[in-house]
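**Q** Give me the fold of what follows.
(2 chains)
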Amino acid sequence: MSALLRVEGATKRFAGIMALEDVSISVDAGERVGLIGPNGAGKTTFFNCMLGVITMDRGRVELEGADLTNRPVYDRAKAGIGRTFQRLELFPDTTVRDHLFVAERIRRGHGGLWRDILGLGRPRADEIARCDEVLELLRLGDLAEEPIERLSLGQCRLVEVGRALMTDPKVLLLDEPSSGLDRAETDALAVTLREVQAEHGFAILLVEHDVELVSSFTERSYVLDFGKLILDGPTADVLASDVVRAAYLGDLEPAS
Amino acid sequence: MVIDAAIGTDLFQALLQGVPPGAVYALVAVGFVLTYKTSGVFNLAFGAQAYVSAALFFMAVENWGWSALPAFVLSVVIVAPALGLALERLIFRYLRTAGAVPKLVVTIGLSVAIPALFDLIVSFKAVAGKTPQGIMPDGSNVFYDPFGVYPFSRNELAAMVIVLVATAGLGALFKFSALGLQMQAVVESPRMTELNGIAADRVSAFAWMLSSLFAGLAGVLIAPRFNTLVAPDYFNLVVVAIAAAAIGKLVSLPKALAGGLGLGVLIALLNTFMPRWVETLPWLEPIQDNVTPAIPFIVLFAVLVFVPSIRRATDAGDPLADVDPPAQSLGAIVKDRRAVIITTAVWVAVLVAIGGVVFSRGDQRWLFLVTQAVVLAIIFLSITVMTGLAGQISLCQGAFAAVGAFTVFQMVERYNMPVTGAAIIGGFVAAAVGAVLSLPIRRLGGIWTAIATLAFAYFFDAVLVRLPFVGGGEKALLAGTDVPRPVIGPWDFENDKLFLGLCIVVLVLVALAVRQIQGGTLGRVLVALRGSEVGAASIGISPARARLMAFAISAFIAGLGGALLAMLAGDVNYGATFSPFVALFWVVIVVTIGSRTVSGAIIAGAAFTLFDAVILKGAFLEWILRDKDLVPGIFPISPKWIFVLFGLGTIQYARHPEGALEHRRRRIAAKRAKKAEGAGPSAGGDAVIDVSDPPEAITVNEAEAVT
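**A** From the prediction side, this is the model:
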């Protein structure tokens, strides 16, 4: 069986520093996969390469067998790669629903300047209904009309998830969703994500620092260190391995 | 081809000829990079600072009869650093955490406000044709010819020596003094520097003084090259400086120095060696004649387009950049339908009342002014689309408008086409120019769009306007660029009242279209893009396509407005109406009043033409008092105050990019919400981010307070 998302030999060098060296992963449909590693291991760079925000020096990105390597960011998004951001990338001066609505409109492709000028570009009832459906699922229903500036960080992360969901992603890349959240918020986020995934059935690739979230949420994990893939396997085994303890958990011990 | 023995001499001569102006360019470039490096401010007002010193020097020598040395000390050694210090202390110090674009907008405002304010304070008036003196007595007329190929004037020699001393001094400062080291540290990260116990403030203030000193030096040294001392030439100078600095990616002082010298020499070389194809291809002549002064703009544009890493020079900047909370935002108001209808009705009523008075009682002058306000409001709607909606600062709206105006002129002149059709074609030609221009710069974004469009505006100004099939060439210089009024069916718009009516109809149509775009797909896509490019791309929005649309629509509106403006005046009148420095003020006034709303553009249009006539000239008081003699003696106030007022108004853009108008509305809404609600926000949220001052936040159900 061929994987849903496959990245092969991703390599990226920044001014002499090897940020990624020959990293290959694959994610199957409906799977929840973790990608962990210490600070500076190259996790976010890898995400950016998959999305095309950064051009890889070498490597290949495939979704459902189609080669996306040389396609621009928005094309990959349309092909079915959704993502959230560690540093929020929201749209100021708009409401929560606006975030979802613009994604929905783009997915449907009902654009066009003339339609706008003739007043046909305004939100339609069925589009709003679909946005609200997703907002309910994320428990953001009450905040639909709220300006994005007034939301808490946790709520903002959920808005990013909702916005990505509107594109009907086949795989959702979550970039450190727990960063800036406390334990309770992280747990709530995990519960919500699980529900949403059950509903929509996409795959999830989770980049995370929070070990608890990774171990409870993912089935399988990859470990990156210094731009190289050092281990992969079932999450429980990976987290128990000495290599990972040395490279990753070792860093955390004084803190916990 | 026979190689001429003289070619070596020519080459040497061109080199020598290029060094003196190159040295001054280098000075400006170095000064520019200094501010950019130490405070992150892309200082377009640098030219204005240079102007102040140059004009003060000119006044001291010409009007007060000072000799060169004390005049130099006053204008360059005392006033220039003081101005730099004032800018840092009063303005930029408070904008440290603002984004690059808001800071740029503030400097655009300052480059309009500073020269006007200076002229007002010392009552300086440019004297046409009066060539400014250099710093050496009789400096332009005494020559020395050390190599026997090119005679340097005394002024040029003095300029080269001063530049050499200044840059060597700066180099030594950086290399040997603690202050230089601290300056470098501040460049890396002001906050990091402060954590190490160094007052980044003081270092940055010193850098501003130093860079302003360089600006002043350059201003005085370059003055003899202009035949009249006026502010726009100095704004032009800063574009040259950016081009020179861009060669060093805007951060390297030695490379900026080399870039400046290189530009000077390149221009001289082209002047000497550019082949002449005039006999075979006569249409090339205007390009050949004008391309050399446009070299800096071409270089700048090319560097921006072909050296993408220049953009990252700043992005990589401060490792602690994300530490500060974002500027406080009140959040958008969610508009209640009823409130919108009421507001619109009030608006329409006021406008109809004004229109009624103008139509029934206005004399020719007032009709002209009101029509001009209406047409400018149309042009300003192009800025609403570009800046308000798409979040891009474009400094070439004047060029777009001129394209529309010239198209009408050409279509009528050459093909005797009906004026109405020609105006619409003008809009489409402008849209095509906008769309094509957006292609190479589609990935730039932020301040780089502003700089690239500025380079284009100057290229248009220096070269394209002079082409026979654009500006009419030499024939137009003699015969003018006549543009007739349209005739549609039974209406002949030679009648000023009818023409005003036509302009109002066009304004209403364009305003409605802009409103529809704001509420439709494109508007939402552009707002998303404005907020976060990568966020927008992650949901399938193509930034390049959306920007192309924004450029094309904005250019169409500007072109249409430009065509109407030419019809109103009966002439394109490029220099006074559409030139880059004039159009710079368009952006300033719209951004100050409010670039995000249609009403902002309309008020800005009114302010642009009527503020002077109604308020500053005292007509308003005259109407109220009903007696000309009762109007206080301070009227008429100089029209330059409008530049000072709105130029300085851009400072608030850094905190409130929505503009004065919208910000006031939001504040009122927020206050009412607070009063009605009593305690905290209703969002049920935990920590409220972005809104650092929760009591000012707005609740949805109170939005009807917005009227």
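**Q** could you pull out the helices for the stretch 101-250 of chain A?
**A** Assigned by DSSP state H, counting those that start in this stretch, the helices in the stretch 101-250 of chain A fall at A:113-117, A:125-137, A:153-166, A:183-200, A:211-217, A:235-240, A:242-244, A:250-252.
**Q** ok, now the stretch 501-650 of chain B?
**A** Going by DSSP H, counting those that start in this stretch, the stretch 501-650 of chain B shows helices at B:521-531, B:533-537, B:543-569, B:574-577, B:580-593, B:598-610, B:619-625, B:640-649.
**Q** Can you convert the ones you listed into TSV and add a column each for distance to chain A, mean neighbour count and mean pLDDT?
**A** C-beta here means a position set from N, CA and C on the backbone, and glycine is covered the same way. Shown next, in TSV, are the helices of the stretch 501-650 of chain B (distance: least, CB to the nearest CB, whole Å; neighbours: other CB atoms under 10 Å in any protein chain shown; pLDDT from 0 to 100):
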stretch	distance to chain A	mean neighbour count	mean pLDDT
helix B:521-531	3	24	91
helix B:533-537	3	22	90
helix B:543-569	7	27	94
helix B:574-577	28	16	86
helix B:580-593	16	25	90
helix B:598-610	14	24	89
helix B:619-625	35	14	74
helix B:640-649	20	21	85
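**Q** Out of those helices, which gets nearest to B:Ile425?
**A** Among these, helix B:543-569 comes nearest to B:Ile425, with 8.9 Å by CB to CB.
**Q** which helices and strands sit right next to that closest one?
**A** Judged by 3 or more CB pairs under 8 Å, 6 or more residues apart in numbering or on different chains; DSSP states H and E, the packing partners of helix B:543-569 are helix B:364-383, helix B:397-415, helix B:419-438, helix B:496-519, helix B:521-531, helix B:533-537, helix B:574-577.
**Q** How about residue 157: what's its closest non-neighbour residue?
**A** You didn't say which chain, so I picked chain A. In this structure, A:Arg157 finds its nearest non-sequential neighbour in A:Pro177, 5.4 Å apart by CB to CB, 6 or more residues apart in numbering or on different chains.
**Q** sorry, should have said chain B
**A** Among residues not flanking B:Leu157 along the chain, B:Tyr144 sits closest, at 6.4 Å (CB to CB, 6+ apart).
**Q** how far away is that neighbour from B:Phe152?
**A** As judged by CB to CB, to the nearest Å, B:Tyr144 and B:Phe152 stand 5 Å apart.
**Q** which one of those two has more residues nearby?
**A** B:Phe152 (20 against 10; other CB atoms under 10 Å in any protein chain shown).
**Q** Report the contact partners of that one.
**A** B:Phe152 sits next to B:Leu16, B:Pro20, B:Phe143, B:Tyr144, B:Asp145, B:Pro146, B:Met160 when contact means CB atoms under 8 Å, 6 or more residues apart in numbering or on different chains.
**Q** So the last one is in contact with B:Gly18, correct?
**A** Think B:Met160. No: between B:Met160 and B:Gly18 there is no contact under CB atoms under 8 Å: 11.6 Å.
**Q** Between those two, which is the more surrounded one?
**A** Neighbours per residue, other CB under 10 Å: of B:Met160 and B:Gly18, the larger number sits with B:Gly18, 24 against 17.
**Q** Touching, B:Thr387 and B:Thr592? I think so.
**A** No: between B:Thr387 and B:Thr592 there is no contact under CB under 8 Å: 11.5 Å.
**Q** B:Ser177: how many residues sit nearby?
**A** The number of residues packed near B:Ser177 is 11, by other CB under 10 Å.
**Q** What of B:Val238?
**A** 28.
**Q** For it, give me phi and psi.
**A** B:Val238 has phi and psi values of phi -70, psi -30 when expressed as degrees, to the nearest 10.
**Q** OK, contacts around the nearest residue to it once chain neighbours are set aside?
**A** The shortest distance from B:Val238 to any residue other than its chain neighbours is 3.6 Å, reached at B:Gly47 (CB to CB, 6+ apart). When contacts are counted by CB under 8 Å, 6+ apart, B:Gly47 touches B:Ser111, B:Ala215, B:Ala231, B:Tyr234, B:Phe235, B:Asn236, B:Leu237, B:Val238, B:Ala241.
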